[in-house]
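In: sharing a model prediction with you, sequence too.
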Amino acid sequence: MFRKALASVAGFGVGYSIFAKTWPDVPPAVILEEHDLHRKRVLDLIKNTKEYNTLINDPKYQLLDDDSNRIPEAHKVNQVTRGLFGGPKHLETEPILFLNKEDGKLKSFAYLGPGLAGRDGKIHNGVISTLLDEGTCFCGFEKLPSKRGVTAKLSVDFHAKAQPGSTVVLSANVVQSKGRKVVIDGDITTIPINKGDIAEKIAHAHCILVEPKWFKYLNWVPLF
């Protein structure tokens with residue numbers, strides 16, 4: 001029994017020594033402050049782009065950068081772009097949305113951190129698909145009777161893979177709207193930031209959004 005206890009203590013010691021080496025030397029408050037500074041730099045980067053300034057001065061588009069405030073705090077963690085993908089080295093900021101309700105158009109800006117990369121070192125296609133799904137649906141909600149719906153079909157064609165640290169813009173527009181069905185097309189394209197950079201189309205999506213009949217009973221839930 002003594003040998004077993006000694007082995008357990010020894011094992012704990014080895015485990016502790018390994019674990020202790022991985023414990024960050026930087027205090028959590030400093031890490032949080034660094035993330036806030038990086039987040040501000042990312043926001044400034046987006047707000048200085050030509051695309052952003054064109055939209056901010058277009059009266060047809062409404063800026064919805066505080067959209068997450070409409071989502072209860074307890075449910076934000078279940079949102080993909082605002083919860084699961086959010087945080088340092090991932091989506092550094094929540095998507096900045098510009099919505100043109102009248103014409104059925106949407107523009108969304110996002111910064112893709114290195115934590116969203118796959119084994120090949122580039123942004124995972126699943127991340128791009130998710131952004132396209134949420135973006136095209138958000139674009140089409142306004143055209144549904146109850147302003148709510150679910151994805152019935154999403155087709156995505158990939159043209160290139162985004163590099164970690166890319167700033168991208170999602171452009172979506174309603175191409176067909178009839179009753180409880182809306183069809184939306186969307187593209188994700190990189191935004192040139194540095195001199196010599198060129199815009200690169202990453203993916204194109206075709207989304208069919210539908211409103212189930214029972215959704216009319218959810219009209220009491222605030223959306224906009």
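Out: Okay, I see it. Numbers count the residues shown, from 1 in each chain.

In: what's the strand ranked longest in the chain packed up against?
Out: Longest strand of the chain, by residue count under DSSP state E: strand 166-178. Other elements packing on strand 166-178 under the criterion 3 or more C-beta pairs under 8 Å, 6 or more residues apart in numbering; DSSP states H and E are helix 28-47, strand 105-112, helix 125-141, strand 181-190. Every residue, glycine included, has its C-beta placed from N, CA and C.

In: residue 128 and residue 188 touch, don't they?
Out: Yes. With contact defined as C-beta atoms under 8 Å, residue 128 counts as touching residue 188 (5.9 Å).

In: need the overlap of contacts for these two.
Out: 162, 202-203 (C-beta atoms under 8 Å, 6 or more residues apart in numbering).

In: ok, residue 128 and residue 188, which is more surrounded?
Out: Shown here are residue 128 and residue 188; by other C-beta atoms under 10 Å, residue 188 has more neighbours (31 against 22).

In: how about residue 104: what's its closest non-neighbour residue?
Out: Once flanking residues are discounted, residue 104 sits nearest to residue 174: 3.1 Å by C-beta to C-beta, 6 or more residues apart in numbering.

In: for the protein, give me the ranges with low pLDDT.
Out: Residues of the chain that meet the criterion pLDDT under 70 lie in 1-36, 38, 65-88, 215-224.

In: let's see 80
Out: Along the chain, segments meeting pLDDT under 80 span 1-39, 65-95, 193-196, 214-224.

In: how far does stretch 183-201 stretch from one end to the other?
Out: 21 Å (C-alpha to C-alpha, to the nearest Å).

In: could I get the buried residue list for it?
Out: 183-191, 200 (16 or more other C-beta atoms under 10 Å).

In: mind putting those in CSV, distance to residue 156 included?
Out: CSV is the format used below for the buried residues of stretch 183-201 (distance: C-beta to C-beta, whole Å):
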residue, distance to residue 156
183, 15
184, 13
185, 11
186, 9
187, 10
188, 10
189, 14
190, 16
191, 20
200, 16
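
In: from those, which is closest to residue 41?
Out: Using C-beta to C-beta, residue 191 is the member of those that lies nearest residue 41, at 15.0 Å.

In: that closest one and residue 168 touch, don't they?
Out: Yes. Counting by C-beta under 8 Å, residue 168 is a contact partner of residue 191 at 6.5 Å.

In: what residues are shared contacts of those two?
Out: residue 109.

In: residue 150 and residue 212 touch, don't they?
Out: Yes. At 6.7 Å, residue 150 counts as touching residue 212 under the criterion of C-beta under 8 Å.

In: with neighbour numbers in mind, choose between those two.
Out: Between residue 150 and residue 212, residue 212 has the larger neighbour count (other C-beta under 10 Å), namely 13 against 10.

In: got the phi and psi for the more buried one?
Out: phi -60, psi 150 (degrees, to the nearest 10).

In: not counting its neighbours along the chain, what's nearest residue 127?
Out: Of all residues not flanking residue 127 in the chain, residue 116 sits nearest, at 4.8 Å (C-beta to C-beta, 6+ apart).
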